[in-house]
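*Asks:* Give me the fold of what follows.
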Amino acid sequence: MSEPGGAAPGFTADGVELVGYHDVGGKPIFKLAMQVVPDPTGERWYLYASHFWEPRLSIFDVTDAADPRLVGAIEGPDHAATWQVQVADGLLVQGMEHRPPAWGGDPALNGAEGIRLFDVSDPTAPNLISEWQTGEHGVHRNHFTGGRYVHVTASRRGFEGNIYVILDIADPGSPKEVAMWFLPEQYVASGKTPPRRISLHGPPYVLGDRAYLSYGAAGLVILDISDIERPTLVSRLEIGAAFSSMIALHTAIPLPSRNLLLVNTEAIAERQQEPYNFAGIVDVSDEQDPRLMSLLPIPQPAAGAAYPNFSTRGGRFGPHNQHHPQGPELFADDNLMFMTWFNAGLRVYDISDAYLPREIAWYLPDDPLERRGLLPKTLVTQSEDVLVDARGNIYFSDKNHGLHIVRLTGV
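*Replies:* Model prediction:
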């Protein structure tokens, strides 16, 4: 099932070099996950990539990152948005949700939703084990690093937005819900209407007995899950109406050795026609009272760029996804932060001084020449997800490009 990778688009960069590229047959990919498996010739590295505009998940052999090979796929289910993927312990968790009309969805065709569990002990031929449904629109971002539990963001009838649900997969063939948690104002079945749309974006990033929830317009939520069946609130950090889109907190990644959380909003409106979006660092040394301690610098165009800033050049500009260092196959350095910034490409930050984070490298693909999806309205680069493997290879995706693989130089 191998196919030529295709020629990479041009780029500008500083501190980052191109390693490899795959055009994925002109079908842009989105979220990324990694699995490393033993092989008679040594370890083999597999990248699992969901697709933006089709219900598909592609499997790449990236053992040689300079020559990524497409070696398998999961097709369907038809009409679903299958944007989310997690892989650990030989299991793949595929998220499914109804595709919004703006992203090519047809409400009359909405069907599959929830999660599907696959056995990926044969990494190129996933075997479906089971499904679990929410009974509503499906799930968005999920967290699974192996073991007994999958932590999901789930839609539920009677609730505004997504809530937190914990699934027990001790028997992967029969997932069982063991707990759910939500903010009181989300419970619209009570007859009350929340003053704003509140939804858990996620993933619920779980470390030890804590779950860190990026709760959209409700900000940051920290839960104690030492009793897995009864999550309890530890604290909240409101973001405020002055910042961000409706996804006022998109991601929260803990750095426990430094008592820090890396957080960001998600830019939604093109040409930044919304409140300011930010990425920043939160001090949780007193987890009862988390505090925002610094903001990452705003990416700037390279010298000689045809536009004075990224905000008004077209498409979305602002933070989106961070690299999640959630397994031994993934790169982990508490002093570095990897992020996609939509039309500003990939950005890398030195956060060794948490009060003074600084940009140290970036990579910006040239704008696409061919429209492969409905968005953005202006055909510009829109870098989406990023994953860094333990070897230092950086993988990132785009709405209208293929898979880029790059590395930091001089590291």
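*Asks:* what sits against residue 231?
*Replies:* If you count contacts by CB atoms under 8 Å, 6 or more residues apart in numbering, residue 231 has them with 164, 166, 179, 181, 211, 223, 224, 225. (Glycine included, C-beta is placed from N, CA and C.)
*Asks:* Would you check how far apart the nearest residue to residue 244 once chain neighbours are set aside and residue 164 are?
*Replies:* Closest residue in space to residue 244, ignoring its immediate chain neighbours: residue 265 at 3.7 Å, by CB to CB, 6 or more residues apart in numbering. Distance of residue 265 to residue 164, computed by CB to CB, to the nearest Å: 19 Å.
*Asks:* The two: which has the busier surroundings?
*Replies:* Neighbours of residue 265 and residue 164, each counted by other CB atoms under 10 Å, are more numerous for residue 265; the result is 29 against 24.
*Asks:* hang on, isn't the more buried one packed against residue 243?
*Replies:* Yes: the pair residue 265 / residue 243 is scored as a contact, 6.4 Å apart, by CB atoms under 8 Å.
*Asks:* Need the overlap of contacts for the two.
*Replies:* Shared contacts of residue 265 and residue 243, counting by CB under 8 Å, 6+ apart, come down to 277, 278.
*Asks:* Could you list the low-pLDDT ranges of the stretch 301-411 of the chain?
*Replies:* Flagging of the stretch 301-411 of the chain using pLDDT under 70 yields the residue ranges 411.
*Asks:* got it, and the chain?
*Replies:* Applying pLDDT under 70 to the predicted model, the residue ranges of the chain that meet it are 1-4, 411.
*Asks:* how far away is the residue of it positioned farthest from its centre from residue 158?
*Replies:* Taking CA atoms, centre = their mean as the measure, the residue most remote from the mean C-alpha position of the chain is residue 191, 33.2 Å away. Residue 191 sits 11 Å away from residue 158, going by CB to CB.
*Asks:* and residue 69, bridged to which residues?
*Replies:* With DSSP bridges as the criterion, the beta-bridge partners of residue 69 are residue 61.
*Asks:* Give me the number of neighbouring residues for it.
*Replies:* Other residues lying near residue 69 total 16 when counted by other CB under 10 Å.
*Asks:* What of residue 375?
*Replies:* Around residue 375 sit 18 other residues, with neighbours defined as other CB under 10 Å.
*Asks:* same thing with the one 10 residues further on?
*Replies:* Residue 385 has 23 neighbours, counted by other CB under 10 Å.
*Asks:* who are the neighbours in contact with it?
*Replies:* Listed by CB under 8 Å, 6+ apart, the contact set of residue 385 reads 30, 31, 32, 320, 321, 340, 396, 397.
*Asks:* Try it again at 7 Å.
*Replies:* Applying CB atoms under 7 Å, 6 or more residues apart in numbering, one finds that residue 385 lies in contact with 30, 31, 32, 321, 340, 396, 397.
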